[in-house]
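Engineer: Structure for the following, please:
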Amino acid sequence: MEQRITIDHVGIAANSLDEGSRFWELIGLVRQGEDDIVEDQGVVTRFFPLSSITDDVTNVEILEATGPNTPIGKFLEKRGPGIQQLCLAVDDLEAMISHLLRHGIQMVDKVPRMGAHDSLIAFVHPKSTGGILIELKQR
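Structural biologist: Below you'll find the model as predicted:
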């Protein structure tokens with residue numbers, strides 16, 4: 001299976017969007033779009049695109065929990081602020097999920113779901129990736 005794979009974003013859990021954004025703003029990154037609430041994940045997201053020499057843009061995503069019993073809330077309680085996931089953009093998300101499942105990869109999401117900015121996403125379980133939560137996003 002051949003697909004073009006790029007890093008879409010690195011998700012960084014923060015106690016607040018403003019606190020988590022401070023460094024990125026200080027080095028000159030400018031937020032893109034409005035903050036986005038993803039209700040079913042219990043998170044508010046803010047994106048800072050990095051400059052790119054191709055059509056694909058890599059972003060820094062700051063994640064603020066909407067409550068303590070959400071994935072980001074639990075992450076912050078257990079580990080504190082820091083990198084929470086790596087997101088890879090793929091051409092065909094459903095095909096990639098099927099491909100990974102056929103090869104014994106444990107998925108958090110076997111069916112794509114809605115992510116920030118109305119994008120289709122699916123998570124790969126860290127048990128199958130050497131301890132890294134991987135988010136797959138349909139390009």
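Engineer: in the worst-scoring helix or strand of the chain on mean pLDDT, what counts as buried?
Structural biologist: The helix or strand of the chain with the poorest confidence is helix 17-26; it has a mean of 90 (mean pLDDT, DSSP states H and E). By 16 or more other Cβ atoms under 10 Å, the buried positions in helix 17-26 come out as 17, 20-21, 24. Yep, even glycine has a C-beta here, placed from its N, CA and C like the rest.
Engineer: cool, stretch 111-125 as well?
Structural biologist: Under 16+ other Cβ under 10 Å, the buried positions of stretch 111-125 are 112, 115-116, 119-124.
Engineer: ok, back up a step: residues in contact with the least confident helix or strand of the chain: which ones?
Structural biologist: Helix 17-26 has contacts (Cβ atoms under 8 Å, 6 or more residues apart in numbering) with 12-14, 31, 35, 44, 46, 48, 60, 62-64, 81.
Engineer: Please apply the same query to stretch 111-127.
Structural biologist: Residues outside stretch 111-127 that contact it (Cβ under 8 Å, 6+ apart): 33, 36, 38, 40-41, 45, 47, 61, 85, 87, 93-94, 97, 100, 105-110, 132-138.
Engineer: Buried subset of these, written for PyMOL?
Structural biologist: Under the burial definition 16+ other Cβ under 10 Å, those of the contacts of stretch 111-127 that qualify are selected in PyMOL by:
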select buried, resi 36+38+41+45+47+61+85+87+93+97+100+105+107+108+109+133+134+135+136+137+138
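Engineer: What residues does the residue nearest to I105 when sequence neighbours are not counted make contact with?
Structural biologist: Take I105 and drop its neighbours on the chain: the residue closest to it by Cβ to Cβ, 6 or more residues apart in numbering is S128, 4.5 Å away. Counting by Cβ under 8 Å, 6+ apart, S128 touches 100, 104-107.
Engineer: State the pair within those residues that is farthest apart.
Structural biologist: Farthest pair in the contacts of S128 (Cβ to Cβ) is G104 and M107. Separation: 10.5 Å.
Engineer: Where does V60 sit, in terms of helix or strand?
Structural biologist: In the assignment (DSSP states H and E), V60 maps to strand 59-65.
Engineer: That strand pairs with which strands, parallel or anti?
Structural biologist: strand 6-14 (parallel), strand 43-49 (antiparallel) (DSSP bridges).
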